[in-house]
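A.B. asks: A structural model of the following input is requested.
(one chain, ligands or ions: 1)
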Amino acid sequence: MQFIIILLLFVIGVLMNLVNSERYIVGEGYGWRPAPYPTYYEDWATTAKLKPGDQLEFRFQKPEDLLEIGKYNYFACNSNSPSRQYKDSPAIAFMLVPGDYYFKSSNNTNCINGQKLYVNVAAPTEDDSDDKI
Ligand SMILES: *[C@@H]1O[C@H](CO)[C@@H](O)[C@H](O)[C@H]1NC(C)=O
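C.D. replies: Model prediction:
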């Protein structure tokens, strides 16, 4: 019985996060393209205050694409074994749990020139839950 209550509270928590979720368009009007300067997406990431349940929307044109990758491949601009590949735009990445999320273009030249994104999704704090209720 206790287990079911804990499970229910967890599910309610996840649903609350989705209800309050926000969708951020990566690069806004510029979209997901070869970066105009190397820190372009890094700079953009500092403007997004992400919380669990939020989504990132990547808008691009083929042959551009999007890979979700790990930390090592982010820094190395390596496309091997992505956790996910998005081929169609707009690509919506859901960030349900707190933590670090890494994305790159599968074009490594463009990655080296700055077309990659790292974001951190912060764990909810007491202040956040006051805002919600
Ligand atoms: C990567 O993108 C550049 C343009 O930014 C293009 O010239 C090059 O051919 C692309 N490489 C691959 C492997 O698609």
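
A.B. asks: Can you tell me which residue is spatially central in the chain?
C.D. replies: Note on the chain: the residue nearest the mean C-alpha position is Leu56, at 4.9 Å, using CA atoms, centre = their mean.

A.B. asks: Let me see the contact set for the residue of the chain found nearest the ligand.
C.D. replies: Ranked by CB to the nearest ligand atom, the top residue of the chain for proximity to the ligand is Asn107, at 3.7 Å. Glycine gets a C-beta too; all of them are placed from N, C-alpha and C. Asn107 is in contact with Pro34, Pro63, Glu64, Gln115, counting by CB atoms under 8 Å, 6 or more residues apart in numbering.

A.B. asks: That one and Pro52, how far apart?
C.D. replies: 30 Å (CB to CB, to the nearest Å).

A.B. asks: again, but for Ile92
C.D. replies: Per CB to CB, Ile92 is found 15 Å from Pro52.

A.B. asks: more crowded one of the two?
C.D. replies: The neighbour comparison of Ile92 against Pro52 (other CB atoms under 10 Å) goes to Pro52, with 22 against 11.

A.B. asks: Contacts only, for that one.
C.D. replies: Taking CB under 8 Å, 6+ apart, one finds Asn17, Met95, Leu96, Val97, Pro98, Val121, Ala123, Pro124 in contact with Pro52.

A.B. asks: So it: helix, strand or coil?
C.D. replies: coil (DSSP: H, G, I helix; E, B strand; the rest coil).

A.B. asks: What backbone torsions are found at it?
C.D. replies: Backbone torsions for Pro52, taken as degrees, to the nearest 10, come to phi -60, psi 140.

A.B. asks: Burial check on Asn78, number of neighbours?
C.D. replies: So Asn78, with other CB under 10 Å, has 16 neighbours.
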